[in-house]
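Peer 1: next input, structure requested:
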Amino acid sequence: MPLDLDFVRSQFPAFTQPGLKDQAFFENAGGSYACGQVIQRLTRFYRERKVQPYAPYAAAQAGGAEMDEARARLAGLMGVKGHEVSFGPSTTANTYVLAQAVRRWLKPGEAIVVTNQDHEANSGPWRRLAEEGIEVREWQIDPLTGHLDPARLKPLLADGKVRLVAFPHCSNVVAEINPVSEIVSMAHAAGAATCVDGVSYAPHGLPDVQELGTDIYLFSAYKVYGPHQGIMVIREDLGMRLPNQGHYFNGASLYKRFTPAGPDHAQIAASAGMADYFDALHAHHFGDEPDAAKRGAAVHDLMRSHEIAICQPLLDYLAARNDLRLIGPRDAAKRAPTVAVALDGAAEPVSEELGKLGINCWAGDFYAVRPLTAMGVDLEKGALRLSMTHYTSTADVSRLIGALDQVL
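Peer 2: Residues are numbered from 1 along each chain as shown. Below you'll find the model as predicted:
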């Protein structure tokens, strides 16, 4: 079934706003538009429920119930338990907290694996553990293609000392979708847990974390049509073994163990609007389905199918040019629709000229300094990034290609 783009865009107030409605938005990897359901819930919370939640009066009870709803419904869409979902101020902050827990969990002589394909959020906090004497092993990408080859992981695990493998579902510049289940199986067979950064993947369909098999899955709500929160799934088995990072008296509660500061009540509550939106997509395209994980999987496939169709013409266009370097796979089915290119000159002036033509995008390193450096991209020039999601239209892409012809 094709995606009903008119229905999709009707769920996002940005498409009717002066200053936005006539623009083609290609900076979704930096942060998506918020869906109307999230905006409504956030506004309602501040207007009606901005009190200490869970207290024994109506407004507090309503606020607490909405926070619990957000956790339970997002967990259902991802096929995990409600208490395995935690919220924090950002994915970077969440990873930092997890790294402190892992620091205390590891024993002398044990090691972790990180990649140089990651956004710095899922690399820097882990690498800093080397300051504590923990061995940090780097799983390196192919410098020509940016590909993260599972075969290169195998020797890093061979001695049985690795206890954690941290890697991305896909990179925010390479965008190739990594075989998560395969990598997780390799790590588990070697006695290592896994932490998957899904920030660049989750906007294109929430994954079935149960099916992926990973112990930790991280993503950012503000890139998945929601508020500015980091969301992390921590499977119960690992989460209760890692040292508690919250208040000592909250140690028995999994979703509180890795939230050392008071959570943002309003934004957690508003995150239920993300589930509202995904369920509205499902109901419009498929009808009723009582199983939340099946609804999540259907919406995931619906979004991905549309994104593959709109992304391929852009990839074909860019691959045919001889004045730029297209980073990542040329097959849209193998990647997220986040397309980075290295130009002969500086990239930011190009993004500025595109902005004058109504093409909203940006240039720079996007905190992906390690993969860009590994691939030989000049950081002073940066990369031009053109990122789409399921609400991007074929007309938007055609307009982008026309603008690139004019500017380049």
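Peer 1: span of stretch 328-340 from start to end?
Peer 2: Separation of the first and last residues of stretch 328-340 by Cα to Cα, to the nearest Å is 8 Å.
Peer 1: give me the contacts around it.
Peer 2: For stretch 328-340, the surrounding residues in contact (Cβ atoms under 8 Å, 6 or more residues apart in numbering) are 28-29, 145-146, 170-177, 200-201, 204, 307-312, 314-316, 318-319, 326-327, 366, 383-389, 392. Backbone N, C-alpha and C define where each C-beta goes, glycine included.
Peer 1: so how far is stretch 106-115 from its chain's centroid?
Peer 2: Distance, stretch centre to chain centre, for stretch 106-115: 25 Å (Cα atoms, centre = their mean, to the nearest Å).
Peer 1: list the buried residues in it.
Peer 2: Going by neighbour count (16 or more other Cβ atoms under 10 Å), the buried part of stretch 106-115 is L106, E110, A111, I112, V113, V114, T115.
Peer 1: and if you look at stretch 33-43?
Peer 2: By neighbour count on 16+ other Cβ under 10 Å, the buried set for stretch 33-43 is Y33, A34, C35, G36, Q37, V38, I39, R41, L42.
Peer 1: hmm, who's touching that stretch?
Peer 2: Residues contacting stretch 33-43 (Cβ under 8 Å, 6+ apart): 11-15, 25, 66, 222, 225-227, 266-267, 269-274, 276-277, 280, 391.
Peer 1: I'd guessed L324 sits against A342; true?
Peer 2: Yes - taking Cβ atoms under 8 Å as the definition, L324 is a contact partner of A342 at 6.6 Å.
Peer 1: so for these two, which residues contact both of them?
Peer 2: Contacts common to L324 and A342, judged by Cβ under 8 Å, 6+ apart, are L384.
Peer 1: would you map out the domains in this structure?
Peer 2: For the chain, the structural domains run 5-33+296-407, 42-275, going by automatic domain parsing.
Peer 1: filter the contacts of stretch 33-43 down to the buried ones, ChimeraX style.
Peer 2: In ChimeraX, this line selects whichever of the contacts of stretch 33-43 come out buried by 16+ other Cβ under 10 Å:
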select :11,12,13,14,25,66,222,225,226,227,266,267,269,270,271,272,273,274,276,277,280,391
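Peer 1: quick one on the thing from earlier: quick one: closest of the domains of the chain to E289.
Peer 2: Closest approach to E289 among the domains of the chain (Cβ to Cβ): domain 5-33+296-407, 7.1 Å.
Peer 1: chain center to the closest one, what's the gap?
Peer 2: 16 Å.
Peer 1: next one: stretch 275-282
Peer 2: Distance of stretch 275-282 from the chain centroid (Cα atoms, centre = their mean) equals 18 Å.
Peer 1: now, which of the contacts of stretch 33-43 lie within helices?
Peer 2: E66, A266, Q267, A269, A270, A272, G273, M274, D276, Y277, A280 (DSSP state H).
Peer 1: of those residues, closest to R73?
Peer 2: The nearest member of the ones in helices among the contacts of stretch 33-43 to R73, counting by Cβ to Cβ, is A272 at 5.9 Å.
Peer 1: ok so, going back, would you turn the domains of the chain into TSV with mean pLDDT and distance to H284?
Peer 2: What follows is the domains of the chain, written out as TSV (pLDDT from 0 to 100; distance: least, Cβ to Cβ, whole Å):
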stretch	mean pLDDT	distance to H284
domain 5-33+296-407	98	5
domain 42-275	97	15
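Peer 1: so can I have a markdown table of the ones you listed showing distance to H285?
Peer 2: Output for those, formatted as a markdown table (distance: least, Cβ to Cβ, whole Å):
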| stretch | distance to H285 |
| --- | --- |
| domain 5-33+296-407 | 6 |
| domain 42-275 | 13 |
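Peer 1: wait, which of the buried residues of stretch 106-115 is closest to Q61?
Peer 2: Using Cβ to Cβ, L106 comes nearest to Q61 of these, at 41.7 Å.
Peer 1: residues in contact with that closest one?
Peer 2: For L106, the contacting residues are I112, L129, I134, R163, L164, by Cβ under 8 Å, 6+ apart.
Peer 1: buried ones among the contacts of stretch 328-340?
Peer 2: With burial judged by 16+ other Cβ under 10 Å, the buried subset of the contacts of stretch 328-340 is 28-29, 146, 170-177, 200-201, 204, 307-312, 314-315, 318, 326-327, 366, 383-389, 392.
Peer 1: filter these down to the ones in strands?
Peer 2: Members of these lying in strands (criterion: DSSP state E): L326, A383, L384, R385, L386, S387.
Peer 1: which non-adjacent residue is nearest the third one?
Peer 2: For L384, ignoring the flanking residues on the chain, the nearest one in space by Cβ to Cβ, 6 or more residues apart in numbering is A347 at 4.2 Å.
Peer 1: show me what contacts the one you found?
Peer 2: When contacts are counted by Cβ under 8 Å, 6+ apart, A347 touches V341, A363, G364, K381, G382, A383, L384.
Peer 1: measure it to P337 for me?
Peer 2: 19 Å (Cβ to Cβ, to the nearest Å).
Peer 1: what's the answer for V173, then?
Peer 2: V173 is 13 Å from P337, where distance means Cβ to Cβ.
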